[in-house]
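[1] Sequence first, predicted model second:
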Amino acid sequence: MKKINVVSAALVLILLTSLNAGAQIKLSDIFKKVTGKQGTTTAATGTPSNFEIGQGIKEALQIGVSAGADRLSVKDGFLGNLAVKILMPPEAQKVERTLRSIGLNKLCDNVIVSLNRAAEDAATEAKPVFISAIKQMTLTDATNILLGSKDAATEYFKRVTTTQLMQKFSPIVAASLNKVNATKYYSDLTTQYNRLPLVKPVNTNLTEYVTQKAIDGLFIEIAKEELKIRGNLSSRSTTLLQKVFGYADRKKN
């Protein structure tokens, strides 16, 4: 009888020990989850260090310029986007109206499509220029962008990359204009127009015009990305971005 009692007691003790261990494991798991969430919240809402501000701005800008350049460097990136679509040069718009009025729509369409194709071709080279500018950014630049106006980053890029973009884009655009027959189409268009009586001959530096419009289009797309990350919480995809831009929100409010 004593033997049975001892065995029963041992079984009860083992059972209680197991239950207690299980409870501790569950409590431990719950504690980890709770403290883990609290740690993430603190990391995302604390005051960023100067280093974090610099890194956060660079991360945000790399995301933004990559998205903007990628959108424009595909087929119809310019042509299918009304905000950046390249139209006839201002001095040629009268030419376009005149030629369309006499049924030369196809000629005009060919010119517009080819101008945009050249810009799309050139846009593939934009990303390295912007990434280089981001890498050279100082802490003062980063802080001024973070706490500056809603287009502070775009203005920074205009200031430090425009000259380099013009130099890099110009030969690419010139080659692209020839590759997509834009030079030929535009020459055909102006030749047809210049043959009309009493018109002022039109001469346009197509390379210069398309290069500038391509760069303008890039800045428009970068400005969109900048607004998105400043105003849309869901665009802050990492803890660092949440912390840095959350800090900026608090400073501005």
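    Yes, it's here. Numbering: from 1, shown residues only.

[2] the strands in the stretch 51-200 of the chain, which residues?
    Per DSSP state E, counting those that start in this stretch, the stretch 51-200 of the chain carries no strands over any range.

[3] can you give me the helices in it?
    93-101, 105-123, 126-135, 139-147, 152-179, 182-194 (DSSP state H, counting those that start in this stretch).

[4] TSV for those, including mean pLDDT, distance to Glu208 and mean neighbour count?
    (Each C-beta comes from the backbone N, C-alpha and C, glycine too.) Rendered in TSV, the data for these read as follows (pLDDT from 0 to 100; distance: least, C-beta to C-beta, whole Å; neighbours: other C-beta atoms under 10 Å):
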stretch	mean pLDDT	distance to Glu208	mean neighbour count
helix 93-101	88	17	16
helix 105-123	92	12	22
helix 126-135	91	17	18
helix 139-147	93	29	18
helix 152-179	91	8	18
helix 182-194	84	13	18
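
[5] To Gln242, which of those helices lies closest?
    helix 139-147 (13.3 Å; C-beta to C-beta).

[6] Can you check what angle separates that closest one from helix 152-179?
    The directions of helix 139-147 and helix 152-179 differ by 100 degrees, with axes from the mean of the first three to the mean of the last three C-alpha atoms, to 10 degrees as the criterion.

[7] List the neighbours of helix 139-147 that are in contact with it.
    With contact meaning C-beta atoms under 8 Å, 6 or more residues apart in numbering, helix 139-147 is reached by 50, 53-54, 56-58, 61, 152-153, 156, 244-245, 247-248, 251-252.

[8] ok, which pair from those is furthest apart?
    It's Lys58 and Lys252 that sit farthest apart of the contacts of helix 139-147, by C-beta to C-beta, at 20.5 Å.

[9] neighbour count winner among those two?
    Here Lys58 and Lys252 are compared on neighbour count by other C-beta atoms under 10 Å; more neighbours surround Lys58, at 17 against 9.

[10] could you measure that one against Asn105, distance?
    Using C-beta to C-beta, to the nearest Å, we find Lys58 at a distance of 47 Å from Asn105.

[11] next one: Glu226
    38 Å.

[12] go on, Asp249?
    Taking C-beta to C-beta as the criterion, Asp249 is separated from Asn105 by 50 Å.

[13] next one: Ala60
    Separation of Ala60 from Asn105 (C-beta to C-beta) stands at 44 Å.

[14] just checking, Met137 touches Gln55?
    No. Counting by C-beta atoms under 8 Å, Met137 does not reach Gln55; the two are 10.6 Å apart.

[15] For this protein, which residue occupies the most central location?
    Gly64 (2.7 Å; C-alpha atoms, centre = their mean).

[16] give the contact list for it.
    For Gly64, counting by C-beta under 8 Å, 6+ apart, the contacting residues are 153, 222, 225-226, 228-229.

[17] Same question for Arg195.
    If you count contacts by C-beta under 8 Å, 6+ apart, then Arg195 has nothing around it.

[18] Over to Met137?
    Counting by C-beta under 8 Å, 6+ apart, Met137 makes contact with 54, 57-58, 61, 156.

[19] I'd like to know how far it sits from Thr211.
    According to C-beta to C-beta, Met137 and Thr211 sit 25 Å apart.

[20] ditto for Gly217
    When distances are taken as C-beta to C-beta, Gly217 and Thr211 turn out to be 11 Å apart.
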